Each structure stands twice: as C-alpha cells, then as structure tokens.
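Novice: sequence and computational prediction follow.
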Amino acid sequence: MLRSFIRPTSICSTLLLGGCAVQGAPSFALVGAYFPDWMLCGMIGIAVAVTLRVVFVLTGVDALLSLRLFTYLSLGVITALLAWLIWFGP
C-alpha cells in the first residue's frame, strides 16, 4: 500500500519541481540588501538576544544591567550584523 502511494507522489513532485533551478533560494536586492537574507540574519539576532537574556537572568548578570533594553537590542543587532558579515559579506 505504501509503494502505491510513493510512486504517484514522486511523479507529481518531479513534474512540479521540473522548472526549479539549482541556484538556490531566490533573493533580490531591495535598497542594497538582499531580501530573504537580511530577514534570516534578523531572526538569528533575535534568537541570540533572547537566549542571552535567559542566560543573563539565570546567572544574575541581568540584575547588574542598568539599560537592559538597549543592552539586549545591541546584542541582537551585533549578532545579526556579524551573521550577515560571515555568511553574505565580501
């Protein structure tokens, strides 16, 4: 029964994906930044900032910070820019 399901599925996927290129994800320049790429780097920056907040709260460093919002915002931006530079930079 599984074999009868796999064959039509593979044929349909082959026909539907026949026009796709192997060049990678489509990305286009939008005001000098490649659209999907900067969104990925932004999500990485947000994830790292949230992770660092959890680590700082657990270790007690968060209580020592005076400007928490700007600290976590800058850590997220630095991480996003560093990810952009490493993966997509010159």
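Specialist: Arrived safely.

Novice: need the pLDDT of residue 70.
Specialist: With respect to pLDDT, residue 70 scores 95.

Novice: ditto for the one 4 residues further on
Specialist: Reading off the confidence values, residue 74 has pLDDT 95.

Novice: go on, residue 62?
Specialist: The confidence metric pLDDT takes the value 91 at residue 62.

Novice: pull the contacting residues for residue 55.
Specialist: Applying C-beta atoms under 8 Å, 6 or more residues apart in numbering, we find residue 55 in contact with residue 61. C-beta here means a position set from N, CA and C on the backbone, and glycine is covered the same way.

Novice: can you do 6 Å?
Specialist: Residue 55 is in contact with no residue at all, counting by C-beta atoms under 6 Å, 6 or more residues apart in numbering.

Novice: use 2 as the first number from now on
Specialist: Let's use 2 as the start, then, which means that last one is residue 56.

Novice: could you pull out the strands for the protein?
Specialist: For the chain, the strands defined by DSSP state E occupy 30-31, 34-35.

Novice: okay, now residue 79: neighbour count?
Specialist: By other C-beta atoms under 10 Å, 13 other residues sit near residue 79.

Novice: check it and give its pLDDT.
Specialist: Residue 79 is assigned 95 on the pLDDT scale.

Novice: give me the number of residues near the closest residue to it other than its chain neighbours?
Specialist: Spatial nearest neighbour of residue 79, excluding adjacent residues (C-beta to C-beta, 6 or more residues apart in numbering): residue 46 at 7.8 Å. As a burial measure, residue 46 scores 21 neighbours (other C-beta under 10 Å).

Novice: next, the contact list for residue 46, please.
Specialist: Neighbours of residue 46 in contact, by C-beta under 6 Å, 6+ apart: 77, 80-81.

Novice: and residue 90, by the same measure?
Specialist: For residue 90, no contacting residues are found, by C-beta under 6 Å, 6+ apart.

Novice: for it, give me phi and psi.
Specialist: phi -80, psi -180 (degrees, to the nearest 10).
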